[in-house]
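**Q** sequence unavailable; structure follows:
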């Protein structure tokens, strides 16, 4: 694309001089074609056509037009990124001197006209980033001078016309992000000696990857990812000596990695084979890809140990092996690759300890993820020497010992995931030094002590998970200045304190407040209604008292209201009928009284109603029978009286019902 653009730029600059002085001899054919193009435009936010493409002015001076110096014929039509909407006029095919047609990044709709086949001089066709539909015209196979074809990010369907693979002048074919189907011809590269870039990712192509790709000897970039290709990876791809980037991820490829994948691909920089069904082991010959910087084998079935030869790949920057069946000890003992910035080894069966010299060997690490393996031992204090780390994820292993205070020296850390281990000791106050943290996930450990007030220094914190530990003491809400906080989960500890009245003023983005199974007390402040984005309020199993605030119904986004096993009293506010997104209402085992509000039957997606073990009186409101969504209804152990309304049994989704321990009589069949 760059070669043709530079050529046209030269022409346009040249024509600012001598071309301006030459009388324009307009071609009626070109002018008619351009006016037909204009007539199909339905939206022109910059008024290009109204103000510039006007009768009485030479069309060679119109915006987006470059004319030839000699014949004053249209050589280039470039209206890229002009916000245009409309269809492509078939008369564009009459611009017989056209070398480049660029209408990319607009909102063109409809089909690509077959008439473009008449543009025998065309070298570059750029229609990407539009809303084009239908098939790629089979007649494009007659554009025998074309070098660059960009149709990506449209809604094109059908097969890729086999005829286009017979155009020997092609250098770039980019058709990604469409809905193209069927298979690629097995002889795809027999007549493409100049092809450098081929991208058909994010389509619906199927069948096997043609071995004939090995005949595209000039190819540098090959992307077949995110399709439905099956079969094995052709070993002959290893013969592509100029290949720099190979993307085959997110298909259904089987077999193992070809032993000769790196036979001649010494220039290969990127190899992405993620999300396939590849098995076997990593061949030691992969170290032959000496220039490789990015290797992803994620989400396959590859097993065995990582070959020591990978340690010789001195250019490697990112290694992603997540979700495979790798075994053996962590491969750090032979990794002396100082260039590594991203290492993702999660969801395998690696064993061993994190070495003390981890950060000496890999001083440039930015992303380290070893989740869901069998790593044991402690987190080395030397982890602080990985000063460039932005993500440290060690979740779901067998780590013991404490969180090293030195971790607070990694001041650029954004995500710290240490959950589901056997970590002990207290949360180090030094974590408060990591002011860039957005995710602090320490749940499911054996941490003790209190929550350090210094955590309040992390003003950009969005997710704080400390649940399922042995934390005690009062929560230092007054120090929390997380204006971006979205989730606060402190469940299943021994924590105490009140919910501060200004909680939702300080944390306006709060979506999930989970305090269940602790020792919190006091009342729910009326200011809770200012958490207008809240999805879940879970206070289950604490010592809260008082009433539900009357304005709780203003929390229109709330889906889960869980306050069971507390000491709440009072009535259910009728405003609860305003909570149209409510999915779960859990008020069981409190001291609520009064009547059950009939408004519950009008909540459109309410699935679970838990009102058991309270002091509710009156009758079961027949309006509950209007619900089409309630699946679980628990009202046992109250003081409800009267007849059971038959309408209850009209709830089509109802699968669990408990009304025992009340003062109910027979069904009302009237």
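**A** That came through fine. Please read these numbers as outputs of a predicted model, since none were measured by experiment.

**Q** hey, what's the residue lying closest to residue 43 once chain neighbours are set aside bridged with?
**A** Of all residues not flanking residue 43 in the chain, residue 85 sits nearest, at 3.7 Å (CB to CB, 6 or more residues apart in numbering). For the C-beta atoms, the positions are set from N, CA and C on the backbone; glycine is no exception. Applying DSSP bridges to residue 85 yields these beta-bridge partners: residue 43, residue 107.

**Q** buried sites along stretch 366-374?
**A** Burial within stretch 366-374, assessed by neighbour count using 16 or more other CB atoms under 10 Å, is assigned to 366-373.

**Q** secondary structure, pLDDT and distance to residue 182 added to the residues you listed, as TSV?
**A** Formatted as TSV, the buried residues of stretch 366-374 follow (DSSP: H, G, I helix; E, B strand; the rest coil; pLDDT from 0 to 100; distance: CB to CB, whole Å):
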residue	secondary structure	pLDDT	distance to residue 182
366	coil	97	41
367	strand	97	38
368	strand	97	42
369	strand	97	38
370	coil	97	41
371	coil	98	39
372	coil	98	39
373	coil	97	41
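
**Q** which secondary structure element of the protein has the lowest mean pLDDT?
**A** helix 20-21 (a mean of 32; mean pLDDT, DSSP states H and E).

**Q** after it, next one along is what?
**A** Scanning forward in sequence from helix 20-21 by DSSP states H and E, the next helix or strand is helix 28-39.

**Q** gap between residue 391 and residue 64?
**A** Separation of residue 391 from residue 64 (CB to CB, to the nearest Å): 45 Å.

**Q** and for residue 175?
**A** Distance from residue 175 to residue 64, by CB to CB: 24 Å.

**Q** comparing those two, which residue is more hemmed in?
**A** More crowded of residue 175 and residue 64, by other CB atoms under 10 Å: residue 175, with 24 against 18.

**Q** surely that one and residue 203 touch.
**A** Yes: at 7.0 Å, residue 175 counts as touching residue 203 under the criterion of CB atoms under 8 Å.

**Q** tell me the pLDDT of residue 480.
**A** Per-residue confidence at residue 480 stands at 88 (pLDDT).

**Q** please name the nearest non-neighbouring residue to it.
**A** According to CB to CB, 6+ apart, the nearest residue to residue 480 is residue 456 (4.9 Å).

**Q** kindly report the same for residue 521.
**A** residue 543 (4.3 Å).

**Q** picking up where we left off before, got a list of what the residue nearest to residue 480 touches?
**A** Counting by CB atoms under 8 Å, 6 or more residues apart in numbering, residue 456 makes contact with 432, 476, 479-482.

**Q** on that earlier part again, contact partners for the residue nearest to residue 43?
**A** 41-43, 106-109.

**Q** and the closest residue to residue 549 other than its chain neighbours, how many neighbours?
**A** The shortest distance from residue 549 to any non-neighbouring residue, by CB to CB, 6+ apart, is to residue 526 (4.5 Å). Residue 526: 14 surrounding residues under other CB under 10 Å.

**Q** same deal with residue 649?
**A** By other CB under 10 Å, the residues close to residue 649 number 12.

**Q** what's the answer for residue 500, then?
**A** Residue 500: 17 neighbours (other CB under 10 Å).

**Q** pretty sure it sits against residue 479.
**A** No: here residue 500 does not reach residue 479: they are 10.9 Å apart, not a contact under CB under 8 Å.

**Q** need the contact list for residue 509.
**A** Residue 509 makes contact with 462, 483-486, 533 under the criterion CB under 8 Å, 6+ apart.

**Q** partners of the helix or strand containing residue 440 in the sheet?
**A** Using DSSP H and E, residue 440 falls within strand 439-441. Sheet pairing for strand 439-441, assigned by DSSP bridges, gives strand 415-417 (parallel), strand 463-465 (parallel).

**Q** next SSE after the last one?
**A** Right, the one you point to is strand 463-465. Next along from strand 463-465, by DSSP H and E: strand 470-474.

**Q** list the buried residues of that following strand.
**A** residue 471.

**Q** parallel or antiparallel, list what pairs with it.
**A** Assessed with DSSP bridges, strand 470-474 is paired to strand 448-449 (parallel), strand 494-497 (parallel).

**Q** JSON lines for these, including mean neighbour count, distance to residue 144 and mean pLDDT?
**A** Shown next, in JSON lines, are those (neighbours: other CB atoms under 10 Å; distance: least, CB to CB, whole Å; pLDDT from 0 to 100):
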{"stretch": "strand 448-449", "mean neighbour count": "15", "distance to residue 144": "76", "mean pLDDT": "98"}
{"stretch": "strand 494-497", "mean neighbour count": "18", "distance to residue 144": "75", "mean pLDDT": "97"}
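
**Q** kindly reformat these as JSON lines containing distance to residue 662.
**A** Output for the strands paired with strand 470-474, formatted as JSON lines (distance: least, CB to CB, whole Å):
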{"stretch": "strand 448-449", "distance to residue 662": "44"}
{"stretch": "strand 494-497", "distance to residue 662": "35"}
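
**Q** of these, which is nearest residue 314?
**A** Nearest of those to residue 314, taken as CB to CB: strand 448-449 at 44.5 Å.

**Q** hmm, who's touching that closest one?
**A** Applying CB under 8 Å, 6+ apart, the set of residues contacting strand 448-449 is 424-427, 469-473.

**Q** closest to residue 495 among those residues?
**A** Checking the contacts of strand 448-449 against residue 495 with CB to CB, the nearest one is residue 471 at 5.7 Å.

**Q** can I assume that closest one is in contact with residue 493?
**A** Yes: contact criterion CB under 8 Å: residue 471 and residue 493 qualify, at 4.2 Å.

**Q** can you map out the strands along the stretch 51-200 of the chain?
**A** Secondary structure of the stretch 51-200 of the chain (DSSP state E, counting those that start in this stretch): strands at 65-67, 74-78, 85-87, 100-102, 107-110, 124-126, 131-135, 148-150, 155-159, 172-174, 179-183, 197-199.

**Q** dump those to CSV, plus distance to residue 323 and mean pLDDT.
**A** Shown next, in CSV, are the strands of the stretch 51-200 of the chain (distance: least, CB to CB, whole Å; pLDDT from 0 to 100):
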stretch, distance to residue 323, mean pLDDT
strand 65-67, 51, 96
strand 74-78, 45, 97
strand 85-87, 43, 98
strand 100-102, 41, 98
strand 107-110, 39, 98
strand 124-126, 38, 98
strand 131-135, 36, 98
strand 148-150, 34, 98
strand 155-159, 32, 98
strand 172-174, 30, 98
strand 179-183, 28, 97
strand 197-199, 25, 98
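
**Q** and these as a markdown table, adding distance to residue 402?
**A** As requested, the strands of the stretch 51-200 of the chain are arranged in a markdown table below (distance: least, CB to CB, whole Å):
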| stretch | distance to residue 402 |
| --- | --- |
| strand 65-67 | 69 |
| strand 74-78 | 63 |
| strand 85-87 | 61 |
| strand 100-102 | 61 |
| strand 107-110 | 58 |
| strand 124-126 | 58 |
| strand 131-135 | 57 |
| strand 148-150 | 56 |
| strand 155-159 | 55 |
| strand 172-174 | 52 |
| strand 179-183 | 54 |
| strand 197-199 | 49 |
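
**Q** which of those strands sits closest to residue 252?
**A** The closest of the strands of the stretch 51-200 of the chain to residue 252 is strand 179-183. By CB to CB, the value is 13.2 Å.

**Q** phi first, then psi, for residue 552.
**A** Taking degrees, to the nearest 10, you get phi -60, psi -20 for the backbone angles of residue 552.
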